[in-house]
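Q: From the sequence below, what's the structure:
(2 chains)
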Amino acid sequence: MSLSSNDIVTLRGVAKSYGAVRALGGVDFRVGLGECLGLVGHNGAGKSTLMNVLAGTVSSDSGAMEIHGAAINEKYSVAVANSRGIRCVFQELSLCPNLTVAENAQIIHPSLKGFGWRKRADALITAKLDEIFPGHGIDGDELVGDLSIGKRQMVEIARAFTVTAQSLHLVILDEPTSSLDVVTAGQLLAYIRKSVEGGTSCILISHVLGEILDYADRIVVMKDGRVVAERAASEFDRDSLVSAMGNVVKEARIEAHEQRERERGTTPVVVSAVPEKQTDGRALVAHKGEIIGLAGLASHGQTHTLLQVYQAAGKSDKRSRVEGPVALVAGDRQTDGVFHLWSIARNVGIRSIRSMVKFGLIDQEAEQRLADEWRERIKIKTPDMDNNILSLSGGNQQKALFARALGSDAEIVLMDDPMRGVDIGTKLEVYDLIRAESERGRTFLWYTTEMDELNNCDHTYVFRSGQIVAELSRNELTEEKVLQSSFEETA
Amino acid sequence: MTIMERITNPRFLRSALPLASFAVLLSLIFYVQPRAMSYFGLNLMLQYAVPIALATIAQMFILTVNDLDLSIGAFVGLTASIGATLLADNPVVGVCALAACVAAYGAIGALIHWRNLPSIVVTLGMSFVWLGIAVIILPTPGGTSPAWIKAIMGLKVPYIPFPIIAAAVIAIVVQVLLMHTSYGATLRGAGGNPRAIERAGWSLLKIKIVMYSAAGFFGVLSGLSLIGLTSAADAHIADRYTLYSIAGVILGGGEFVGGRVSPVGAVIGALTLTLTGSFLIFLKISPDWQIGAQGAILIVVLALRALIKRREG
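A: Predicted coordinates:
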């Protein structure tokens, strides 16, 4: 890595962990003056964490940072980042919906105050909107909450490029085009080139690889919290970029489970669902006893489709047909999964509580039997199932949630990326259990963001922007194919 | 936009709803009791509107930052008790005590933000603290309010009754401060998207302290204006104000979350609630039914708002 005084920002050995999860493992990173840097990587590669460190919203655990060649000694914060001319457009919008467009511009420009500030803020943001998105049709007096999501994104982007007291050196754009249509996305990318030529540097994060390849000067590829490749954009093409994002370093791989070459369609169809946003009528189909994978980048409609199946359980509507009772294993344990105040036994039994009623009351013995049975089968590590659920480790809490679903009468089990933050040993145990249960005729719909887990699936559907864009049988499944389909095709 | 379109525009309807409900209630009163349509009648019906409007504004500051204050009634009772005792006996001690009350409110805001506590629980607890202090200061109803407060509250203005002028002044001052200054926009933004405000480099702690202190200040004004009318105080004098103030903000078009508030609307909401009492008296309905009737009005207005919202969506 070359170090020149032309660098806007230089990071050396930046590391950040969230509990046991290592988001950044010693990243070296630099952005040159008047450079558009493309940053790519799969979900969880650490891109957003790195950008948050740069923007001052997250502080790193270790590592050094220089801005304009000067080391940062004081505590780095948003205010410091702002004063050094660094701005960030975050992936989730950072506008206040209850304020007008002009008032939102004021939020990041404290110098807009005193008499007539509203008029000045209005002029500032409108001029920038006109410059980046001609014909935007946004009024400075409009409440942001009344704007469409695309227009909100336009406002947020334009706001990041407005200049008042401090000069602007670096704008970080995290997935800026995700809510923009083709025309406005093109306007933005053209503007980025223009402002880069004018000397303002830019970091562009995008899952649309075409944008990165066409508009960035240099591309940095991240994986598992590290920079794994860094070259001039001209040296990459689509395929080399995709393979750089993939498994470059093979880690202790989960032992590939014996491939199951079962012919599809020998058992009856139990689930058939056309995702809400699907335009070509393609359906997710599951036959009895199959393990179906839902792949793709995070939150591209997989959870939505699972919930669609869940709601259609036992009945059928226009888009979905589901035969048999359904249970859901939540991925976000703390929000959607565990009942914090209840015992492990009650947490396991809640899905089956209707079958454990005696004289209108809960049959304590039946509940206890179910809990003890699953403690054995799924090996929940606890001295007593009557202990509070929070006394368990994360992995064991997740096991309890599996027990809740598997101990019920459900024939179809929906799994919403349930292995997040679960240790490898637990994972392997649960994989075995899932396979055993599927052989007994249960059907699994498994949304996962981990490539290795797809190896457990008989058939995989890849989602993008709420639609099924590819389906892969067990034999066709490769990480590269999933990645290829996950990223938008550019014509 | 034609006039018709402008009138049926949901955003316009929404902002006009508080004033419309006030106007409907007022015309009903005038219909039932034409003699109320006089300087004296309005003065009498609306005299308690001033302390209620001030307490409503205090509540509105808290709601702006997505919190809820269940202690404002007890707090107004405390400041009224201080006003009728300490302030009347020794102005310096009284002013210091009231200033300490405002500072305590700010400190509660800081605590709620710092420890990420639910405001409902903290303020519910504090309501007993305020009440306890008030009972210590003024064990039995009594005291005397300072003459200058009585003079202000008893002001006779030609043509327009004083409570209406006072309410208008309160509404306009707060409207300008919260809705039209640049810092006011930031304060409201903290209710709309706290993360965005933090990411822009503002201190949410400071914002909470400012909003809670402002609420405390208006709570003090409410207590003082109340003893200006009653000329004596009681620790329990304003127990109902907690619910009045919440209802007033909501009637005035405010929302529980999201930083969507309207100072003018809140004051109109407070006036509407005040009028309900008179209306029921004119209908010869026992005052015992007042709270129920106020609740009914709240439900009707909120139902109308929900209808408008459905059209917005």
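Q: Return the residues of the stretch 151-300 of chain B in contact with chain A.
A: Taking Cβ under 8 Å from any Cβ of the partner chain, the part of the stretch 151-300 of chain B that reaches chain A is made up of B:180-183, B:185-186, B:188-189, B:191-193, B:195-202, B:258-260. C-betas here are computed from N, CA, C, even on glycine.
Q: show me where pLDDT drops low in chain A?
A: A:1-5, A:19-21, A:43-44, A:247-263, A:265, A:314, A:316, A:421, A:488-491 (pLDDT under 70).
Q: How about the secondary structure of the residue nearest to the spatial centre of it?
A: A centroid search over chain A (Cα atoms, centre = their mean) returns A:Ala298, at 3.8 Å, as the residue closest to the centre. Three-state assignment for A:Ala298 (DSSP: H, G, I helix; E, B strand; the rest coil): coil.
Q: Check A:Ala15 too.
A: strand.
Q: burial measure for it, as a count.
A: 16 (other Cβ atoms under 10 Å in any protein chain shown).
Q: wouldn't it be in contact with A:Val58 here?
A: No. With contact defined as Cβ atoms under 8 Å, A:Ala15 does not count as touching A:Val58 (11.9 Å).
Q: residues from the stretch 51-200 of chain A in reach of chain B?
A: A:55, A:57, A:77-79, A:82, A:88, A:90, A:93-99, A:103-104, A:106-108, A:110, A:112-114, A:117-118, A:121, A:145-146.
Q: go with 6 Å
A: Residues of the stretch 51-200 of chain A lying close to chain B by Cβ under 6 Å from any Cβ of the partner chain are A:57, A:78-79, A:82, A:94, A:96-99, A:103, A:106-108, A:112-113, A:117.
Q: nearest to B:Asp69, of those?
A: A:Asn98 (19.4 Å; Cβ to Cβ).
Q: Make sure B:Thr56 is indeed in a strand.
A: No. Under the criterion used here (three-state DSSP), B:Thr56 is helix, not part of a strand.
Q: returning to what we had before: of the residues of the stretch 51-200 of chain A next to chain B, which pair is most distant in space?
A: Every pair of those checked by Cβ to Cβ; the farthest is A:Thr57 and A:Trp117, at 25.7 Å.
Q: Looking at those two, which has the bigger crowd around it?
A: Per other Cβ under 10 Å, whichever of A:Thr57 and A:Trp117 has more neighbours is A:Trp117, with 21 against 17.
Q: State the pLDDT value of the residue lying closest to the more buried one once chain neighbours are set aside.
A: Spatially, and ignoring its direct neighbours in sequence, A:Trp117 is nearest to B:Ser182 (4.5 Å; Cβ to Cβ, 6 or more residues apart in numbering or on different chains). Note on B:Ser182: pLDDT of 93.
Q: what's near enough to touch B:Ala207?
A: Heads up, residue B:207 is Ile, not Ala. Residues near B:Ile207 by Cβ atoms under 6 Å, 6 or more residues apart in numbering or on different chains: B:Leu187, B:Ala190.
Q: That one: what secondary structure?
A: B:Ile207 ends up helix, using three-state DSSP.
Q: Show the pLDDT at it.
A: 97.
Q: State the distance from it to A:Ser272.
A: Separation of B:Ile207 from A:Ser272 (Cβ to Cβ, to the nearest Å) stands at 51 Å.
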